[in-house]
Every structure is written in C-alpha cells, then in structure tokens.
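Engineer: My questions concern the predicted model and sequence given below.
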Amino acid sequence: MINKITLIFFFIISLCFVSFSKANILIVASIDDKIITNHDLKKESDYLQILNPNLSQLDDNQILKLAKNSLINEIIKKKEINKFIDTKKENLFLGQYLKDLYSRLNFNNEEEFETFLKQKNTYTIDEIKEKIKVELFWNELIYTRYKNQLKIDRETIIEKVDSFKNNKQKKFLLSEIAFKKKKELSLENLIDQILLSIDEIGFNNTANIYSITESAKFGGKLGWINEGSLSQKILENLNLLNEGQNTNIMKLGNNYLILKVEKIKTNEIKIDKEKEIEKLIQVETNRQLNQFSKIYFDKSKINYLINEK
C-alpha cells in the first residue's frame, strides 16, 4: 500500500513538473507550420554572442530581436532547401567549415569548442553542425540556380594581375555594414539611423543590427583582405583612411556599403600570376553569388506566413 501511494505521489509530482515546464514555454514567432519559442531565442542569442562577444553591449531586447531574425531566416532557408536538395546526403565541406568556425573563435580543435559550448549551456556541437549544414546546402542551392548567370570578366582580372608588381602590397583588416533601401523607411532616414547607431554602440554592433550579409553574425568582420582583391572604387576609398576610420557610404549595385579599417599592414610579396588570377575569380564569383543569395531569399520570404508575437 505504501509503495502504491509513493508511486502515485511521484506520478502527480511529475505531472505538476511537466505542466510547470510547459507553462514556461512561450511561442514568440511562427513561419507557416514552424514555431520559435522563448527557449529557442535564448539558445540562439547565447550562440550569437559566442560568435560576436561585442553583442553583450546591446540591451536584451536588441539581442533577442537579432536572435529571432536569425532563426526566422534559418527556417526559411531550410524550407527552400528541402524543395530542391536531398539534405540526407553527406556534405563534404562540413568538417572544414566547422574548423574555420572554431578557429575563428580561437579554439584549437573541435573538442575544445565542444567543451566550451557545454559550459555555456547553448547549442550542442551536433546542433551547430546542423546549422552549418543549412548554410552549406543554401550555398549549393544558390550556386545551382545562378551559376549560369555568373559574369566573370577573366580578361579584366588578368590585366589587373599583370599590373601587380613583385614588391609591397597592402592588406586591410576590414569590417562591413552592407544595407539596402527599405520600403517602410526613406534611404536618408535609414542612413541617419545607421550613422547614429555607429556613434552610440559602435561599428560592429551596428553591423549585427543593420547589415544584410552573412558577416553580420560576426559583427561585420571580414578578416584580412589583400588590396588586389578589392575593386578600384573601394580601394580608392580605403587608401584615404587611417586605422580605426570608416569609409563614406558607397553605392554598389542596389546595395550600400560602409567599411571600417581595423588595421593596415604592408607585406613583401612575390606574385604567382596563375594563383592570383584564380583567387580573384573566386572573390568575384563569391561576390556575385552573395548578391543572388540576397535576391533569392527576399523573393522567397514573401511566400511564407510570418507571425511575430
């Protein structure tokens, strides 16, 4: 009799605990049949702060808004990917992408990164691998759809490489804020908001909020860029700046760009012509694919019913 009572007691306690746990779960957004909860937001916001520690300077509401947008974008990408790609197949780039990620965050290996994630109580290493797969399959989708629309002027690139000299070449450590005009806001007001935000919370945090490129998750950080990989227009703007300064707003196609020069260094180089040509072709290919990615995403997004609480 005591055992039965004990079992009933623990069963009731368990039910109460489950009900209490469920009561703490709130739906904060939905995209068609997919939901985002407050718990999802917490994990994503913690992860975004791992990618860019400067986010801790923002208030909680700003960080949660970034996390919500990040999750909405990820769900839309998944839905589009599932229409065209077999996601069960092995992705050969997963290991290298993961290595690039944890190296960028100053971890020596996957085990170190996994231990850190456990301490932070955010995504598991397997969950992060799934997030990486989304980006890799998305890249595959964009390349498959737009590869025939790529326009690479090889002759112009060869001429550019021929102009290089085997002496000194500048490298810039850059961050970016790329943005485009919004329907609900005039371009002038958007620019005013961005410039004010840079003054108040810094360039990198502003990139997190306003930039439309994938680098936004890392505070707009692009890493070291050789001057030979930059367009003449961008290089002319950068050559006017010292470390810590920002370019004026540059119009590139339908988008607008602000660059920050974090650091500048000059290297002694010896040009390998063929390697340099292939590198610049890849840079231009990636630039065009990034544009196509944004175009395709914006067109796809309007087909989904997005409700935010």
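Structural biologist: Yes, it's here.
Engineer: drop to CA atoms for contacts and neighbour counts, all remaining ones
Structural biologist: OK.
Engineer: Buried residues in stretch 210-230, which are they?
Structural biologist: Residues of stretch 210-230 classed as buried: 210-222, 224, 227-229 (neighbour count, 16 or more other CA atoms under 10 Å).
Engineer: and if you look at stretch 129-139?
Structural biologist: For stretch 129-139, by 16+ other CA under 10 Å, it's 132-139.
Engineer: Including distance to Lys65, could the residues you listed go into TSV?
Structural biologist: Output for the buried residues of stretch 129-139, formatted as TSV (distance: CA to CA, whole Å):
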residue	distance to Lys65
Ile132	21
Lys133	23
Val134	21
Glu135	21
Leu136	24
Phe137	25
Trp138	23
Asn139	25
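Engineer: so which of those comes closest to Thr37?
Structural biologist: The nearest member of the buried residues of stretch 129-139 to Thr37, counting by CA to CA, is Val134 at 19.8 Å.
Engineer: my read: the closest one touches Lys78, true?
Structural biologist: Yes - assessed by CA atoms under 8 Å, Val134 is found in contact with Lys78 at 6.4 Å.
Engineer: related to what we said a few turns ago, from the buried residues of stretch 210-230, which ones fall inside strands?
Structural biologist: 221-222, 224 (DSSP state E).
Engineer: Same list (those) but as CSV, adding pLDDT.
Structural biologist: CSV is the format used below for these (pLDDT from 0 to 100):
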residue, pLDDT
Lys221, 94
Leu222, 93
Trp224, 92
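Engineer: What ranges does the stretch 51-200 of the chain have for its strands?
Structural biologist: 168-179 (DSSP state E, counting those that start in this stretch).
Engineer: Check the protein and tell me which residue is nearest its centre.
Structural biologist: By CA atoms, centre = their mean, the chain has its centre lying nearest to Glu214, at 2.8 Å.
Engineer: How confident is the prediction for that residue, by pLDDT?
Structural biologist: The confidence metric pLDDT takes the value 87 at Glu214.
Engineer: The top strand by length along the chain to strand 221-226, inter-axis angle?
Structural biologist: Secondary structure of the chain per DSSP E: the longest strand is strand 255-268. Counting by axes from the mean of the first three to the mean of the last three CA atoms, to 10 degrees, strand 255-268 points 50 degrees away from the direction of strand 221-226.
Engineer: which is the next helix or strand following strand 255-268?
Structural biologist: helix 273-301 (DSSP states H and E).
Engineer: thinking again about what came up before, distance to Asp126 added to the ones in strands among the buried residues of stretch 210-230, as JSON lines?
Structural biologist: Formatted as JSON lines, those follow (distance: CA to CA, whole Å):
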{"residue": "Lys221", "distance to Asp126": "25"}
{"residue": "Leu222", "distance to Asp126": "26"}
{"residue": "Trp224", "distance to Asp126": "30"}
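Engineer: Nearest to Ile277 among the residues you listed?
Structural biologist: Trp224 (18.3 Å).
Engineer: close enough to count as contact, that closest one and Lys170?
Structural biologist: No - with contact defined as CA under 8 Å, Trp224 does not reach Lys170; the gap is 10.0 Å.
Engineer: Narrow the buried residues of stretch 210-230 to those in helices?
Structural biologist: When DSSP state H is applied, the buried residues of stretch 210-230 are split such that Tyr210 fall in helices.
Engineer: so who does the residue nearest to the centre of the chain touch?
Structural biologist: When the contact criterion is CA atoms under 8 Å, 6 or more residues apart in numbering, Glu214 has no partners at all.
Engineer: how near is it to Ser293?
Structural biologist: 10 Å (CA to CA, to the nearest Å).
Engineer: and if you look at Leu71?
Structural biologist: From Leu71 across to Ser293, the span is 17 Å (CA to CA).
Engineer: before we move on, what about Leu98?
Structural biologist: For Leu98, the distance to Ser293 - CA to CA - is 21 Å.
Engineer: Ok, Thr122 next?
Structural biologist: 28 Å.
Engineer: do Ser231 as well
Structural biologist: Taking CA to CA, one finds Ser231 at 21 Å from Ser293.
Engineer: Same check on Glu284?
Structural biologist: For Glu284, the distance to Ser293 - CA to CA - is 14 Å.
Engineer: in stretch 89-106, what's buried?
Structural biologist: 94, 97-99, 101-102.
Engineer: Would you mind confirming that Thr213 makes contact with Ala178?
Structural biologist: Yes - with contact defined as CA under 8 Å, Thr213 counts as touching Ala178 (6.5 Å).
Engineer: can you dump the C-alpha coordinates of the helix or strand hosting Ser45 into CSV?
Structural biologist: Applying DSSP H and E as the criterion places Ser45 in helix 38-51. The C-alpha trace of helix 38-51 is given here as CSV (Å, rounded to 0.1, in the frame of the first residue of the first chain):
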residue,chain,number,x,y,z
ASN,A,38,11.4,31.7,-26.0
HIS,A,39,13.8,28.8,-25.3
ASP,A,40,14.9,28.8,-28.9
LEU,A,41,15.5,32.6,-28.7
LYS,A,42,17.6,32.1,-25.6
LYS,A,43,19.9,29.5,-27.2
GLU,A,44,20.2,31.5,-30.4
SER,A,45,21.0,34.7,-28.6
ASP,A,46,23.7,32.9,-26.5
TYR,A,47,25.1,31.5,-29.7
LEU,A,48,25.2,34.8,-31.5
GLN,A,49,27.1,36.3,-28.5
ILE,A,50,29.7,33.5,-28.8
LEU,A,51,30.1,34.4,-32.5
